[in-house]
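Participant: I'd like to go over a predicted model; first the sequence, then the structure.
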Amino acid sequence: MAEEIDDSGFYRQDFSTVSDWEVFNAQLGDVIQKLNAVEIDATRGSDTYQLNYNVHTETFLVHKTKICVSFYYSTILEQRERNSKDDNTYNSMYYDLMNISRTFGPPLKTSNCKCLHVISSLFGLQRFVVIHPHQSNQKYITNPSELCFFLSAATVVASEYCTVPIFVQIYEPKLNIFLGVGMNATLRTNFDIVVLKQSPVDCRYLSGLLQIFKEKLPFSNVQPISLSVRNIYALETIRFRYPMNVLFLKRFDVNGKKGIGDKYKSWDGNIALPCGYFPDSGTDVYLVYSWVGISEIFAIDSPLHTDFVPSKAHICNMYQTTNVDSYLTSCLRDFLKLDNSKEALETFVGRNVTDSSDGVNMVDARYHLTNPQIRQIRSNNKLNIKEGYQSLKKIAGPLNESELKSFIAFMFPDLYPDNENYSYINDIAARNIEGNPHRIKSSPFNSLSSRLSCVLVTCNAHFGGKNGLAQLWIAFIRELRFIWNCRLSIQGISGGFPDTRTCLLNQKLQMLNYCIERSKCRKYESKKYLSDIGSNIDLEGLVGTNFKEVSDETGNETEDEFFDCTEYVPEGRAMRLGDENILDSDEPLYIPITQDPVPKTDDELQADSEAMLKLGSGRNELLKHIFSHSHFTLNQIGFNIQMMSFSLLSDMEAFKAANPKGKMEDFIRWYSPKDWEKDEFGVGQLSARMRIPDNTWQRVWKQAQPVAANKQKRLFDETTEALKVLSYLETRNIAEIYDMVIITALHAAIIKFKGILETEKILDLFEYKIEALLNDLCHISRADNTEVFDIQQTKSKIEGLIKRLEEYEVQFYQYKCFEQLTGYPDNITFEEIKCKFKEMIENQNSCSINNAEDIGKHIITSYGGELHSNLVTKEYVLRVRANEPTGPHFLRAVVTGEEVRLCGAFTENTTLI
Amino acid sequence: MAGGGDPKWQKDAADQNFDYMFKLLIIGNSSVGKTSFLFRYADDSFTSAFVSTVGIDFKVKTVFRHDKRVKLQIWDTAGQERYRTITTAYYRGAMGFILMYDVTNEESFNSVQDWVTQIKTYSWDNAQVILVGNKCDMEDQRVISFERGRQLADQLGVEFFETSAKENVNVKAVFERLVDIICDKMSESLDSDPTLVGAGQKGQRLTDQPQGTPNANCNC
């Protein structure tokens, strides 16, 4: 091999006779030197198996094929302080080979220890170099001359730099066969792996292995042989039956035996997300018994008798591997896929399905309103009022009528009282504060918006995907329209202004509810309600309208008792302002009834502030314009500014109506008392800023006519606003629906899972993880998704969140399996099992089991008999710790059925050769 | 991220002339001097009588902080009770609050706690707050001592300054400190959230450079 001349021509040009081998030698030497520099930090040995290995790889072209040289080293610096005096002779290779605590690595291949190289687990090495063909090579090192080529180069380099052992991978990579060499100044250790597919029976037991080992030892050896054994048993797959369970949908309960689903239903809190696990889920359990560092003379292990049985073991470790899929997580994942679906609802359900276009109009609404039967029905909550009032036009979609109805009935229990009772609790807002300490911007717990969100997610996963979702969404809006038309008020949505601490969907529903309440109030307040309803307020006409005229007209109609009085009859008084009188008069000063402030949802507030920003600063200046040039159209000025100046105007007019003799000074005393300054003699006057000539306040005051709040043009028109909400919801596309729903759905999912843990009383094992999830969700929910960058970030954060939730769900499944395994509740206390399981999840799904403890006893007694037949793998490690001049010797045998893999590392003294 | 809500650092499409944008709010009782304070900072002007703010107003100022252009969008609110609903709607998305009282007015000081409650209710939970006692030039009419102000600030866990918009005492310092605190908070968030690091310009730390210590408490 060494004599071979590279006939590629490249090296010939300098007419030297450098061979491939020499070239490779030099390259390898360079790499090792370079890598040695890298590993300077890793000067301490690790006493346990660490899963973090770093790899540096360099690739060369040898014989026109790509060959890689990879340097593996453990990244963990261990406590064991290396003695600096040993520096010259110390070689971590010998230490690792002889290190008792590094005898057995992780027994199972899991995703966690993918990075653990097989050499590390076979020889316990923490630093080594592997020469192996590049992945792209289909050609492996199989022929002896190739092997010699690399191995001899390795030997030369190892003897020169004598730090780490160098291995050559031969045959197919999946066979994991390596030859290697490690050198020291005086010692040479040869690493060798042999696989016997059908081994002699003796070789599968200690008796035969000892014989092999002893034959390889030098005759001079007097050191005792240290023995370690590990037996791995596989138990039958354990399953925890928890079939899919969706609140109020019986369909899934058919196959599941009664029990598990119902158990969790009780506290479910009406979260309509599916839970449970796929039927093929399961956990595999391995019991690993080991005997470490015992002397060969104390144990018998032959085909006839063995001392290595579980009941005699010192240490047992239990390992769990999982193959678990949960419905909750997979349903969230399905929903996540909608985040970019720009399809309009019409794509799925066709045009003209909404009420806005099919004729339920104001006339019907009025009919509903005036029909006393409806109110009665509402209060009695008995009949299905839908019948007779609304002919349900079928909405195209995959949901059949009864499915659709059960969804709708779940969201509107008061409209469909026949069904199982899912009535809303009364105080949703208060519950929200106590139930949402993280201040996640989502829907209040168990509110309509929360139910809707969950139902949509479930529908998408199990009832026809986007089609089903669209169908349900439209059906939902149809119910809202019906509720609005009948002015019924929406159940499950807290009253009052839209709460900007909740999500947009909830705010929109709150807005609609507020509109309905206002509309109802107005009806009772004013007889002229019915002629008013539906007429849009002409905002354009607001400025410069003769308010007096309106006032007189309505006053004549409604306030008969003052019919004969002269103008400026005081009206709209709320209460007296303390015991204050109007200045220079004996008449009491009254606080007027004012118009309510205008409610806004997040998106409207956003639009308002954007409008203001566009206009530029100095709104006080702008106001001047509004009042001096009434031709300014309001749209040009921005609604928010109108709102502010008009609310001042409205308040001043209401004040004037309540206090016909009141002056601006009186108004200010009520409205902004700090601007009414009294001197030491008790004589008051307006503050300097209010006295600035022609300031906004004075101008608006001059403009204001005495008009009571209920006769003013409305600052807030509930009809317009309600229709705006409905049309907003109707015109969303799939991705926009996703945006409105996702946070609430995630929140509900976490809460649902938390509830399951609470039911099992193991929340304490997961509490900090659940807390972290909720905290992260809070941040996601408040993110400002105005840029592509933010949107992408949010998406990846949501994915991360779901992944973690899944991990915990799997752990819960593991817990239930663990319970079964340990024989709970008969043989073990609840606290013991929790404690063990905690160890398990904190320790990469493994825990130690002591045969003297309850769990250990239980396992031995209940599985002891069958364990023998479930022995998967036996491992034997034989060691001789010989000092110079012979060095250490090591043999590992891995017995799997008939196959035996022998891994030897035998040392010879090079000075004697 | 550490404290709820991503900072609003995206650029306005129309105005690319800054690296970060912070939304700040000035709140406090009526006539404690919020508008004067803002005008002093933004325009360096002072009039003894600004027209009482109706509803809400704002000014924009761009400052340099650690070599970054930070655009401040400062919202000035009406202090009157009647405007609470309108103004609290603007708390949303604010990254910093200047909570102001008048050292010559006991009532405005007593209301501080109420304002803090408002902030807690309506703002993001990582919003930064600075307590400011304004009109410290009017020593003869002072009713709230520096010490009382400082104690309250300690109790609330916020920083404290006494200022005078009229004499231009500490006005700039308050804004600079607030910007610094927000930057710190942002960097913390970036640190605690590895997904943000290395995300280009947006992920840069704002506090890489040493900061001046806040030395700005006016004890006059």
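Facilitator: Cool, the structure landed. Numbering: from 1, shown residues only, chains lettered A, B, ... in the order given.

Participant: Quick check: can you list the domain ranges of chain A?
Facilitator: A:20-223+A:884-912, A:334-526+A:721-741, A:531-715 (automatic domain parsing).

Participant: hey, which of the ones you listed is tucked in deepest?
Facilitator: domain A:334-526+A:721-741 (a mean of 19; mean count of other C-beta atoms under 10 Å in any protein chain shown). C-beta coordinates here come from the backbone N, C-alpha and C atoms, glycine included.

Participant: Pick out the residue of chain B closest to chain A.
Facilitator: Among the residues of chain B, B:G55 lies closest to chain A, at 3.1 Å counting by C-beta to the nearest C-beta.

Participant: Next, count neighbours for that residue.
Facilitator: 24 (other C-beta atoms under 10 Å in any protein chain shown).

Participant: my guess is it meets B:D76, correct?
Facilitator: No: using C-beta atoms under 8 Å, B:G55 is not in contact with B:D76, being 9.9 Å away.

Participant: before we move on, back to that, out of the domains of chain A, nearest to chain B?
Facilitator: domain A:531-715 (3.1 Å).

Participant: pLDDT on the closest one, on average?
Facilitator: Averaging pLDDT along domain A:531-715 gives 72.

Participant: Report whether the longest helix along chain B contacts chain A.
Facilitator: If you go by DSSP state H, chain B has its longest helix at helix B:171-192. No: Helix B:171-192 does not reach chain A (C-beta under 8 Å from any C-beta of the partner chain); its nearest approach is 8.7 Å.

Participant: And that helix, what's buried?
Facilitator: B:171, B:173-183, B:185-190 (16 or more other C-beta atoms under 10 Å in any protein chain shown).

Participant: That helix packs against which elements?
Facilitator: strand B:20-28, helix B:34-43, strand B:56-65, strand B:68-77, strand B:96-102, strand B:128-134, strand B:159-162 (3 or more C-beta pairs under 8 Å, 6 or more residues apart in numbering or on different chains; DSSP states H and E).

Participant: near chain B, which residues of the stretch 451-600 of chain A show up?
Facilitator: Residues of the stretch 451-600 of chain A lying near chain B (C-beta under 8 Å from any C-beta): A:497, A:500-501, A:597, A:600.

Participant: May I see those residues arranged in CSV, with secondary structure as well?
Facilitator: What follows is those, written out as CSV (DSSP: H, G, I helix; E, B strand; the rest coil):
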residue, secondary structure
A:F497, coil
A:T500, coil
A:R501, coil
A:P597, coil
A:K600, coil
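
Participant: how about those residues, which pair is most distant?
Facilitator: Distance extremes for these: the farthest pair is A:R501 and A:P597 at 17.3 Å, using C-beta to C-beta.

Participant: my read: A:L227 touches A:I297, true?
Facilitator: No: if you go by C-beta under 8 Å, A:L227 and A:I297 don't touch, sitting 9.2 Å apart.

Participant: what about the two, which has more around it?
Facilitator: For A:L227 versus A:I297, neighbours defined as other C-beta under 10 Å are more numerous around A:L227 (23 against 9).

Participant: Give the helix, strand or coil label for the more buried one.
Facilitator: strand.

Participant: where among the domains of chain A is the average confidence lowest?
Facilitator: domain A:531-715 (a mean of 72).

Participant: On the pLDDT front, check the residue of chain B closest to chain A for me.
Facilitator: 83.

Participant: measure it to B:Y91 for me?
Facilitator: 14 Å (C-beta to C-beta, to the nearest Å).

Participant: do B:I26 as well
Facilitator: In terms of C-beta to C-beta, B:I26 sits 12 Å off from B:Y91.

Participant: Of the two, which one has the most company?
Facilitator: Per other C-beta under 10 Å, whichever of B:I26 and B:Y91 has more neighbours is B:I26, with 27 against 22.

Participant: That one and B:K34 touch, don't they?
Facilitator: Yes: if you go by C-beta under 8 Å, B:I26 and B:K34 touch, sitting 4.5 Å apart.

Participant: Spell out which residues are contacts of both of these two.
Facilitator: B:76-77, B:98, B:100 (C-beta atoms under 8 Å, 6 or more residues apart in numbering or on different chains).

Participant: Those into TSV, with extra columns for neighbour count and pLDDT?
Facilitator: Formatted as TSV, the shared contacts of B:I26 and B:K34 follow (neighbours: other C-beta atoms under 10 Å in any protein chain shown; pLDDT from 0 to 100):
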residue	neighbour count	pLDDT
B:D76	28	92
B:T77	23	91
B:I98	26	97
B:M100	27	97
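
Participant: would you list the residues you listed in TSV and tack on distance to chain A?
Facilitator: Putting those into TSV (distance: C-beta to the nearest C-beta, whole Å) gives the following:
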residue	distance to chain A
B:D76	9
B:T77	11
B:I98	17
B:M100	13
